[in-house]
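*Asks:* Build me a model:
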Amino acid sequence: MAGRIEDYALIGDMQTAALVCRDGTVDWLCLPRFDSHAIFAGLLGTEEHGFWRLGPAHAADAAPPTAARRSYRGDSLILESEWDTPRGTVRVTDFMPPRDGAPQLIRIVEGVTGRVPMRSALRMRFSYGRVVPWVHKHEGRTVAVAGPDSVWFDTEAETYGKALTTYSDFTVAPGDRIAFTISWEPSHKQPPALPEPEQSLQATEDFWRDWVEHCTYHGPYREAVVRSLITLKALTYAPTGGIVAAPTTSLPEDIGGVRNWDYRYTWLRDAAITLSSLLRTGYRDEARAWREWLLRAVAGDPENLQIMYGIAGERELGEAELDWLPGYESSAPVRVGNGAAHQLQLDVYGEVTEALHLAHMTGLARNDYASLLQLKLIRYLEDHWQEPDEGIWEVRGPRRHFVHSKVMAWVAVDRTIKLIESGDADGPLERWKELRDDIHRDVCEKGYDKERNTFTQSYGSKELDASLLLIPQMGFLPPDDKRVIGTIEAIQRELSTPDGFILRYPTEGESEGVDGLPGDEGAFLACSFWMADDLAMIGRVDEARKLFEKLLALRNDLGLLAEEWDPRLQRQVGNFPQAFSHVPLIDTALRLTASGAYGG
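*Replies:* Numbers count the residues shown, from 1 in each chain. Got it, this is the predicted structure:
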């Protein structure tokens, strides 16, 4: 059985990523890209679906021992895990070097004290655990081949095959270092170059050290901010600048339920807010790369703007179910692709425009097509903002007039007006000022419940929605407006868990709610960070700081967050690690630092 979600560490090369459990098992790895088929899919099934365990030897009928300690080496994605055994202590260093050729996962075993018996058990299963590859020797190297894929396994340790698994049994003493590497290559090409593990380790450490040095944040939450930035960098697909929402699919929002989605794509919303955090912490190159990705993905067709694209800008992300995988802790179905790609979500226009506006305001070199795109987006909104949509949470129920969507349409128009007023674009300024006023008036009249003094999830509804917390952050209304304060307090009353974290919206258990799905979900971490932001904005800074630090305490021992927190099970749920959790962590840290609301 796979470990708890928070038991996993992330390693990656900015083109794909692997998850490594506390017991030294790699249970998830897609090659060669984030969205490729997995060669290790044990995370969503069993060991029969692929895994690679490397750790102290143990009895066949016993559970693998878990590491006594693990951490990243400094500010990097190099994972170091240590086991204390009756015979001594051993360390395993796991990493994926930034790619210069074939993608590689390298694992180096190092003896620390005593003489420790070790075992490597490698079971490759292609196509998400469905295909058993042909494993054979080629010029002294082990290679697994199936269809278009080949994975090459290199080590100085002796290996043998048993039960369709490649094993290596060996012993390490102090000073011993034994490396294991897998490398991917298209099966019709020549073998990849022999790995150089020690040189790759040094190059990987140098890369991350140099990258982190560009961070401009030096406040009291630097450790959490830097780890979140490294995670966001790891979720960036280096060849194109696209940013995946998470490197996994179908980790459940509701353990045992059906709320399981593929997040290995670039959501415009997630990527836009990621761009904001990168710009605010000094990472202009990543912001520039994302803007170029956006312009290529949208191309000449902004009227058909999708909410998400493939990491190279692909538009077709057809959703399918993998019925041979039982799912993480029996959470089925396992899905690949995402059918929400063609939903109408009007808020995306606002997030993209806000990101382009921020890039412009922070001095990112002007791009004429970016300005042209912004104008085209507003012309589309001019004709469509009054339509119902699926909203920020991608409901699979009926379309509604979601308040957050209308607010973000207002944001899109407002930021474009500012662009025109700056002299960097031309457009019908007075007409769009009237449009901005019309949207604002419409939201305040139809999306506000006077009796309860709160904005609501959608026009005419009584339900609340945590996305309403973005109203003051987007400048739609000032923080001291009574309607803003009333909305914050209403969400605290109605969408807060007993430990103070925030749900996205009400769910209906076994019956279908507004999102068209049965089951419940955990507290949404991004929404909880938004609440901390809002509390700081309305002057309740001590309360904001306490909530923020409670959220920091939910991170796993390596500083990583999934999408949600299950208050009943007291564990992380949803895809992992999640960009949409780490971005607001950074933003809230910046806000609290600016306000002086920390310490104590």
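
*Asks:* Give me the three-state assignment for S127.
*Replies:* The three-state assignment at S127 reads helix, by DSSP: H, G, I helix; E, B strand; the rest coil.

*Asks:* got it, and P195?
*Replies:* Strictly by three-state DSSP, P195 counts as coil.

*Asks:* Next one: it from F95, what distance?
*Replies:* 12 Å (CB to CB, to the nearest Å). C-beta here means a position set from N, CA and C on the backbone, and glycine is covered the same way.

*Asks:* what about these two, which has more around it?
*Replies:* Between P195 and F95, counting by other CB atoms under 10 Å, F95 is the more crowded of the two (27 against 22).

*Asks:* Go ahead and confirm that one touches L79.
*Replies:* Yes: if you go by CB atoms under 8 Å, F95 and L79 touch, sitting 6.7 Å apart.

*Asks:* Quick check: neighbours shared by those two?
*Replies:* I11 (CB atoms under 8 Å, 6 or more residues apart in numbering).

*Asks:* one step back: what is in contact with P195 and F95 at once?
*Replies:* I106.

*Asks:* in the stretch 151-300 of the chain, which spans are helices?
*Replies:* 197-212, 222-234, 268-280, 284-298 (DSSP state H, counting those that start in this stretch).

*Asks:* elements contacting the first one?
*Replies:* Under the contact criterion of 3 or more CB pairs under 8 Å, 6 or more residues apart in numbering; DSSP states H and E, the helices and strands touching helix 197-212 comprise strand 88-95, strand 104-114, strand 177-186, helix 222-234.

*Asks:* Which one, of these, ends up nearest to R545?
*Replies:* helix 222-234 (13.1 Å; CB to CB).

*Asks:* so which of the helices of the stretch 151-300 of the chain is the most packed in?
*Replies:* helix 268-280 (a mean of 24; mean count of other CB atoms under 10 Å).

*Asks:* What mean pLDDT does that one get?
*Replies:* Mean pLDDT, helix 268-280: 87.

*Asks:* Would you mind getting the angle between that helix and helix 284-298?
*Replies:* Relative orientation of helix 268-280 versus helix 284-298 (axes from the mean of the first three to the mean of the last three CA atoms, to 10 degrees): 160 degrees.

*Asks:* Show me what helix 268-280 is packed up against.
*Replies:* helix 222-234, strand 242-243, helix 284-298, helix 347-361, helix 579-595.

*Asks:* and those as a markdown table, adding mean pLDDT and distance to G42?
*Replies:* As requested, the helices and strands packed on helix 268-280 are exported to a markdown table (pLDDT from 0 to 100; distance: least, CB to CB, whole Å):
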| stretch | mean pLDDT | distance to G42 |
| --- | --- | --- |
| helix 222-234 | 97 | 21 |
| strand 242-243 | 92 | 26 |
| helix 284-298 | 88 | 32 |
| helix 347-361 | 88 | 35 |
| helix 579-595 | 95 | 24 |
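
*Asks:* thinking again about what came up before, do you know which of the helices and strands packed on helix 197-212 lies nearest M531?
*Replies:* Across these, M531 has its closest neighbour in helix 222-234 (17.4 Å, CB to CB).

*Asks:* so how far is the closest one from its chain's centroid?
*Replies:* Computed by CA atoms, centre = their mean, to the nearest Å, the chain-centroid distance of helix 222-234 equals 12 Å.

*Asks:* what about the helices of the stretch 151-300 of the chain, which gets the closest to S461?
*Replies:* Checking those against S461 by CB to CB gives helix 268-280 as the closest, at 21.7 Å.

*Asks:* got the angle for the closest one vs helix 222-234?
*Replies:* Taking the same axes, to 10 degrees, one finds that helix 268-280 is oriented at 130 degrees with respect to helix 222-234.

*Asks:* three-state assignment of W410?
*Replies:* helix.

*Asks:* State the helix or strand in which the residue lying closest to it once chain neighbours are set aside lies.
*Replies:* Closest residue to W410 apart from its sequence neighbours, by CB to CB, 6 or more residues apart in numbering: I439 at 4.4 Å. Counting by DSSP states H and E, the element that carries I439 is helix 429-446.

*Asks:* Tell me which residues of that helix come out buried.
*Replies:* W432, L435, R436, I439, H440, D442, V443 (16 or more other CB atoms under 10 Å).

*Asks:* Is the fourth one in contact with K406, as I believe?
*Replies:* So the one you mean is I439. Yes: assessed by CB under 8 Å, I439 is found in contact with K406 at 6.0 Å.

*Asks:* Which among the helices of the stretch 151-300 of the chain is found nearest to A553?
*Replies:* Among these, helix 222-234 comes nearest to A553, with 10.6 Å by CB to CB.

*Asks:* ok, what's across the strand from M308?
*Replies:* Here M308 shows beta-bridge partners W267, assigned using DSSP bridges.

*Asks:* Now for it: which residues touch it?
*Replies:* So M308 contacts Y265, T266, W267, L268, L317, N338, A340, A341 (CB under 8 Å, 6+ apart).

*Asks:* I'd like to know how many residues surround the third one.
*Replies:* Burial measure for W267: 26 neighbouring residues, criterion other CB under 10 Å.

*Asks:* Is it in contact with A245, as I believe?
*Replies:* Yes: at 5.2 Å, W267 counts as touching A245 under the criterion of CB under 8 Å.

*Asks:* how much space between L294 and L372?
*Replies:* Taking CB to CB, one finds L294 at 13 Å from L372.

*Asks:* Excluding sequence neighbours, find me the nearest residue to E421.
*Replies:* L429 is the one closest to E421 (CB to CB, 6+ apart), at 7.2 Å.

*Asks:* My guess is the one you found contacts I417. True?
*Replies:* Yes: in this structure L429 lies within contact range of I417 using CB under 8 Å: 6.7 Å.

*Asks:* Can you check the pLDDT for D515?
*Replies:* At D515, the predicted lDDT confidence score is 56.

*Asks:* do the same with G175
*Replies:* pLDDT for G175: 94.

*Asks:* Ok, E303 next?
*Replies:* Model confidence at E303 (pLDDT) stands at 72.

*Asks:* which of the residues in stretch 143-157 are buried?
*Replies:* Under 16+ other CB under 10 Å, the buried positions of stretch 143-157 are V143, A144, V145, A146, D149, S150, V151, W152, F153, D154, T155.

*Asks:* residues in contact with that stretch?
*Replies:* In contact with stretch 143-157 (CB under 8 Å, 6+ apart) are residues 31, 37, 39, 102, 120, 122, 124, 126-127, 131-137, 141-142, 159, 166, 168, 170, 178-188, 191-192, 194-195.

*Asks:* Next, the distance between the ends of it.
*Replies:* Stretch 143-157 has an end-to-end distance of 15 Å (criterion: CA to CA, to the nearest Å).

*Asks:* Could you do stretch 446-461 as well?
*Replies:* 10 Å.

*Asks:* and A246, what does it touch?
*Replies:* By CB under 8 Å, 6+ apart, A246 lies in contact with L235, Y263, R264, E563, N575, F576, P577, Q578, A579.

*Asks:* Relative to D210, which of those is nearest.
*Replies:* Closest to D210, out of all of those and judged by CB to CB, is L235, at 19.0 Å.

*Asks:* The closest one - how many residues pack around it?
*Replies:* Neighbours of L235 (other CB under 10 Å): 29.

*Asks:* if I look at it, how far off is E354?
*Replies:* Counting by CB to CB, the gap from L235 to E354 is 20 Å.

*Asks:* do C444 as well
*Replies:* Distance from C444 to E354, by CB to CB: 20 Å.

*Asks:* How about E549?
*Replies:* 28 Å.

*Asks:* Which one's more surrounded, those two?
*Replies:* E354 (21 against 15).
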